[in-house]
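>>> sequence? don't have it. structure:
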């Protein structure tokens, strides 16, 4: 090895060390979330003190995500894992957590946050729960983030968790949360005002994803395209639904982007209803990049459709 | 592999009723609870909190009025329901409106899931329909009676097989309750989890797998201890119910010692090899040495296994998974003869994210080379299969497989043939499958069979690894 080579290597080592020291001084909390909605909220509260990555994409059915090894790598490096909970991710997240080789994010550890713990949960099953009901969630409806108030509650939990992981930045996270809360309050006022004239409007949705959304914005979901959660549409059920819709003059069918629009479109043709591809998550379309735009998009779509169909 | 999400937990009915009754009360108690001191006591924050508190008081009073009548009804209902003392004391206590306001007790969680977050967020959260904090730790928890909280997740998977047609060499029974697999899975402690799979079959009850997984080791290590399916290739690691066929490829029987493959008592350690290009995992295992093609004659006759697996996303919906495996152990041909197996496997998966519910493709091949020591000299044999499975509707899958395998003890004997598979899922929890199989056996005999299968699962079966 020549002296020049030695010199280069030494310099490179020194640089690496320096870079290492540099990053550790301002080390951001590395957060992995299961969905893009959670990622958006964590980003809003964590600001530049966190790096956030979501495993599932917003246009993907969060029930059926593949437990890819590339996710293991992301989770291996994470300081904090934020999950939706209520068994939404039960088909894919648990084996990833086990294989992450990361003791920080195991359930029960400090770096594991179940966002549903402080959220308002609807559709808690009562009485006997069996799979004769389809793919039921025995711990309640996991699509709770579609109520902005639950976004606030999740943000509070995230703020508390981030402050716990990085007590020195607690003040910063409190400020960030306050800003998020303010912006959310403004948004809520706007969205609720837009929906106020149509309070109690009857709609149909594909999957039971919209309970919290309906609760927050005054929709009355009278039926589902799926006969039972997770069970594909059947001709008999579709016929029954169409009759119900005609009887009750339902003019809106809300479909999640990852479901086949064939049956909803047929229902729309039969009943004269508008079929709306509503976004259940941030990232459902490219333009919707944060939690506020999610509601802007959905409410806008809904209000325009209601005006167009004249439904009441 | 299809990530089998036979998974949602079933609540005990009594607990569900009590929980739903309790949820209203829990909210009531939450609202009444004095707010804990704020984490950050900066002056503007303090003012904000005071305002918040005042607002909450108002809200609480409104809610108290609204809930007054409902609580009376709930109390009456509770009186009848307490005969079944199922749900946690936490919920029951909170449901009694006569008690002075108490902070809501922690929900019945098996592990402290972010109690700080719950405690701090609760007073700020405008209480409405609640139920939020009344659940349990969701991913693994069990929201049923207290006495059952620490019970493992349990499931039973039935595997019923049938066969018609002609097979002069290796005929399966016409109808057979082939296997009932009972799984018991839970977290052991903050450092480990345990998974048991007991298989009851016409041959008796056996431990299919039963192992401890140490999840909190340093250095990117993951260790398993117990009876394990050895990490040789892909099919050998899968349970019968997660295979895309009714049977297993011929190479399993001819070279890996039987349709069940190699599973043995041992220790497995795997490590992530960090790099910027791909997911790379190296696994080393040591076993008793008595399973599959191996036969241990002495305590020192353990079998060894090494595997390296690489995985890379090609696009968000397409990925490639490649592995090589090697294993070596003593065999039954003599006291000092060994069998060595070398395998290469490759899997390509396609599952478009937007249509993940309706479309997927999985192509897979495994090549296995066997070198078996016998008194007359080593026998080298080769076997392989190649298979493709395509989901063409939400509940429908079609598949193809081609088998070609020599036999470990006599490489001049080759069995080969194609299969056609059609699978229907009535739901995520049951599956009906038919398979046409043609095999040309080395004995110059051919078989033409129609195999069929009913698979059904009850309970909470944990998701499988990818």
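Alright, I've got the coordinates. Every value quoted in this text rests on a predicted model; they were computed, and no experiment measured them. Numbers count the residues shown, from 1 in each chain, chains lettered A, B, ... in the order given.
>>> Which residue, other than its chain neighbours, is closest to the residue of the stretch 201-312 of chain A found nearest chain B?
Closest residue of the stretch 201-312 of chain A to chain B, Cβ to the nearest Cβ: residue A:232 (4.8 Å). Where you see a C-beta, it was placed from the backbone N, CA and C, and this is true even at glycine. Distance criterion Cβ to Cβ, 6 or more residues apart in numbering or on different chains; nearest residue to residue A:232, sequence neighbours excluded, is residue B:394 at 4.8 Å.
>>> Residue B:421: what secondary structure?
In three-state terms, and counting by DSSP: H, G, I helix; E, B strand; the rest coil, residue B:421 is strand.
>>> List the beta-bridge partners for the nearest residue to it once chain neighbours are set aside.
In this structure, residue B:421 finds its nearest non-sequential neighbour in residue B:399, 3.7 Å apart by Cβ to Cβ, 6+ apart. Beta-bridge pairing for residue B:399 (DSSP bridges): residue B:389, residue B:421.
>>> residues contacting the residue nearest to residue A:232?
Taking Cβ atoms under 8 Å, 6 or more residues apart in numbering or on different chains, we find residue B:394 in contact with A:232, A:260, B:357-358.
>>> Let's see that with 6 Å instead.
Going by Cβ atoms under 6 Å, 6 or more residues apart in numbering or on different chains, residue B:394 touches A:232, B:357-358.
>>> State the distance from it to residue B:427.
Residue B:394 sits 11 Å away from residue B:427, going by Cβ to Cβ, to the nearest Å.
>>> One more: residue B:301?
Per Cβ to Cβ, residue B:301 is found 47 Å from residue B:427.
>>> about what we covered before: quick one: the residue nearest to residue B:421 from residue B:433, how far?
For residue B:399, the distance to residue B:433 - Cβ to Cβ - is 9 Å.
>>> Can you report how many residues neighbour residue 220?
Just going to use chain A. 12 (other Cβ atoms under 10 Å in any protein chain shown).
>>> oops, I was thinking of chain B
15.
>>> Which residues does residue B:380 form beta bridges with?
Going by DSSP bridges, residue B:380 forms beta bridges with residue B:371.
>>> now residue B:308
residue B:282, residue B:324.
>>> Please report the distance of it from chain A.
According to Cβ to the nearest Cβ, to the nearest Å, residue B:308 stands 13 Å off from chain A.
>>> Could you check the pLDDT of residue B:148?
The model reports residue B:148 with a pLDDT of 75.
>>> now chain A, which segments are flagged as low pLDDT?
Residue ranges of chain A with pLDDT under 70: A:1-26, A:311-312.
>>> quick one: secondary structure of the residue nearest to the spatial centre of it?
Centroid check for chain A by Cα atoms, centre = their mean gives residue A:37 as the closest residue, at 3.8 Å. At residue A:37, secondary structure determined by three-state DSSP is helix.
>>> was I right about it contacting residue A:284?
No. Residue A:37 is not in contact with residue A:284 according to Cβ atoms under 6 Å; the separation is 9.9 Å.
>>> Which helix or strand lies directly C-terminal to the helix or strand hosting residue A:97?
Element membership for residue A:97 (DSSP states H and E) is helix A:93-99. Per DSSP H and E, the first helix or strand lying C-terminal to helix A:93-99 is strand A:112-114.
>>> how deep is residue 232 tucked in, by neighbour count?
Since you didn't name a chain, this refers to chain A. Under the neighbour criterion other Cβ under 10 Å, residue A:232 is assigned a count of 19.
>>> Correction: the question concerned chain B.
Residue B:232, neighbours per other Cβ under 10 Å, totals 27.
>>> Spit out the contact partners of the residue nearest to it when sequence neighbours are not counted.
Residue nearest to residue B:232 in three dimensions, not counting chain neighbours: residue B:325, with 4.5 Å by Cβ to Cβ, 6+ apart. Shown in contact with residue B:325 (Cβ under 6 Å, 6+ apart): B:232-233, B:307, B:343.
>>> Can you turn the buried part of those into a PyMOL selection?
Selecting the buried subset of the contacts of residue B:325 in PyMOL, with 16 or more other Cβ atoms under 10 Å in any protein chain shown as the burial test, is done by:
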select buried, chain B and resi 232+233+307+343
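>>> pLDDT weak spots in chain B?
In chain B, residues with pLDDT under 70: B:1-46, B:60-147, B:463-466.
>>> mind listing the helices for it?
With DSSP state H as the criterion, chain B has helices at B:13-32, B:43-81, B:89-94, B:115-124, B:250-255.
>>> need the residues of the stretch 151-300 of chain B near chain A, please.
B:213, B:215-216, B:220, B:222, B:279 (Cβ under 6 Å from any Cβ of the partner chain).
>>> Distance of residue A:272 relative to residue A:219?
For residue A:272 relative to residue A:219 (Cβ to Cβ), the value is 19 Å.
>>> cool, and residue A:70?
Going from residue A:70 to residue A:219 by Cβ to Cβ gives 38 Å.
>>> what's the answer for residue B:337, then?
To residue A:219, residue B:337 is 73 Å away according to Cβ to Cβ.
>>> Who has more neighbours out of these two?
Between residue B:337 and residue A:219, residue A:219 has the larger neighbour count (other Cβ under 10 Å), namely 22 against 16.
>>> How about the residues of the stretch 201-312 of chain A by chain B?
A:232, A:258.
>>> what about the strands in the stretch 201-312 of chain A?
For the stretch 201-312 of chain A, the strands defined by DSSP state E, counting those that start in this stretch cover A:201-205, A:219-224, A:252-255, A:274-277.
>>> Tell me which of the ones you listed sits most buried.
Highest mean neighbour count of the strands of the stretch 201-312 of chain A: strand A:252-255, a mean of 26 (counted as mean count of other Cβ atoms under 10 Å in any protein chain shown).
>>> Give me the residues contacting that strand.
With Cβ under 6 Å, 6+ apart as the test, strand A:252-255 has contacts from A:203-206, A:261, A:264, A:267-268, A:273-278, A:305.
>>> let's go with 7 Å and repeat that
Applying Cβ atoms under 7 Å, 6 or more residues apart in numbering or on different chains, the contact partners of strand A:252-255 are A:203-206, A:210, A:261, A:264, A:267-268, A:273-278, A:305-306, A:311.
>>> Can you list the strands that that strand pairs with?
strand A:201-205 (parallel), strand A:274-277 (parallel).
>>> mind checking how far residue A:45 is from residue A:260?
Distance from residue A:45 to residue A:260, by Cβ to Cβ: 36 Å.
>>> For the two, indicate the residue with more neighbours.
Each of residue A:45 and residue A:260 has its neighbours counted (other Cβ under 10 Å); residue A:45 has more, 31 against 17.
>>> Residue A:178 is in contact with the more buried one, correct?
No. Taking contacts as Cβ atoms under 7 Å, residue A:45 lies outside contact range of residue A:178: 9.9 Å.
>>> Is any residue of the helix holding residue A:97 near chain B?
Yes. Counting by Cβ under 7 Å from any Cβ of the partner chain, chain B is contacted by helix A:93-99 at A:93-95, A:98-99.
>>> again, but for stretch A:179-195
No. On the criterion Cβ under 7 Å from any Cβ, stretch A:179-195 is out of touch with chain B, staying 9.3 Å away.
>>> what's the distance between that stretch and the middle of its chain?
Its chain's C-alpha centre and that of stretch A:179-195 lie 18 Å apart, by Cα atoms, centre = their mean, to the nearest Å.
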